[in-house]
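Asks: Fold the following, please.
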Amino acid sequence: MMTGWTLKRVAFYLGWALLLTAFAAGAAEALVKAVPGRGLHLVSAHDLWYTAWPGNLVVTQIRVERLSPELWSGVIRPLLALPAWLLTGLPGGLLAWFCRPKRPLTADEVQDLQEREDSMFLYDELAEQAMQDGYGDGDDMAPTHETQHFLDEAGLTYAESEDDFDINTDNMPPPGGGR
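Replies: Sure, this is the predicted structure:
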């Protein structure tokens, strides 16, 4: 008899297998889209199955209809109208998420988690302390342009052309050492 832990682990791995199948089904849609006359739209699981294994689909349909014709036409056929990646990806994602193993944290992991949480809130604590100390009036790192008018009056900014610079480039060595 399977225990709850083992059954949950099997469901978890089944979920991952379904997710891998969903990724493969998404990639396999290229097979169906390569068929002439198909546009760029979602490909149903039925079309994908028929393109990849047409004989298998027909045999499966015959066997299911032999058991119950209503099962094929009322349940399976509408499900096969959905994309294959959705049919396997949704239950796979749900199984992998809800049946994931939850192990208890060790003392070192709890301490590490607490240190990370404390470091996340350190900035907030420091900012609050700075506000209480009177340093929160503005952004002290923001650039100020208080002295700009002195530079403008002296004509030291906004050169219109190279003639506005007082640099004699005739006696300068060429870039790269001037050999």
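
Asks: which helices and strands sit right next to the biggest helix by length in the chain?
Replies: Under DSSP state H, the helix in the chain containing the largest number of residues is helix 4-33. Packing partners of helix 4-33 (3 or more CB pairs under 8 Å, 6 or more residues apart in numbering; DSSP states H and E): helix 45-52, helix 84-98. Quick note: C-beta positions are derived from backbone N, CA and C, even for glycine.

Asks: Using PDB, list the CA coordinates for the helix or strand following the first one.
Replies: Yep, that's helix 45-52 we're talking about. Counting by DSSP states H and E, the next helix or strand C-terminal to helix 45-52 is helix 54-67. Extracted in PDB, the C-alpha atoms of helix 54-67 (Å, rounded to 0.1, in the frame of the first residue of the first chain):
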ATOM      1  CA  PRO A  54      -3.100   8.900 -37.900                       C
ATOM      2  CA  GLY A  55      -3.400   5.100 -37.600                       C
ATOM      3  CA  ASN A  56      -3.200   5.300 -33.800                       C
ATOM      4  CA  LEU A  57      -6.000   7.900 -33.600                       C
ATOM      5  CA  VAL A  58      -8.300   5.900 -35.800                       C
ATOM      6  CA  VAL A  59      -7.700   2.700 -33.800                       C
ATOM      7  CA  THR A  60      -8.200   4.600 -30.500                       C
ATOM      8  CA  GLN A  61     -11.500   6.100 -31.800                       C
ATOM      9  CA  ILE A  62     -12.800   2.700 -32.900                       C
ATOM     10  CA  ARG A  63     -11.900   1.100 -29.600                       C
ATOM     11  CA  VAL A  64     -13.500   3.900 -27.500                       C
ATOM     12  CA  GLU A  65     -16.600   3.900 -29.700                       C
ATOM     13  CA  ARG A  66     -16.900   0.200 -29.300                       C
ATOM     14  CA  LEU A  67     -17.100   0.700 -25.500                       C
END
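
Asks: Relative to residue 111, which of the helices and strands packed on helix 4-33 is closest?
Replies: Counting by CB to CB, residue 111 lies closest to helix 84-98 out of these; the figure is 27.7 Å.

Asks: picking that back up, now the angle from the longest helix of the chain to helix 45-52?
Replies: 70 degrees (axes from the mean of the first three to the mean of the last three CA atoms, to 10 degrees).

Asks: What residues sit buried inside helix 4-33?
Replies: For helix 4-33, burial by neighbour count (16 or more other CB atoms under 10 Å) applies to 8, 12, 15, 18, 19, 21, 22, 25, 26, 28, 29, 32.

Asks: out of the residues you listed, which one sits closest to residue 113?
Replies: Nearest member of the buried residues of helix 4-33 to residue 113, counting by CB to CB, is residue 12, at 23.2 Å.

Asks: quick one: the closest one from residue 87, how far?
Replies: According to CB to CB, to the nearest Å, residue 12 and residue 87 sit 19 Å apart.
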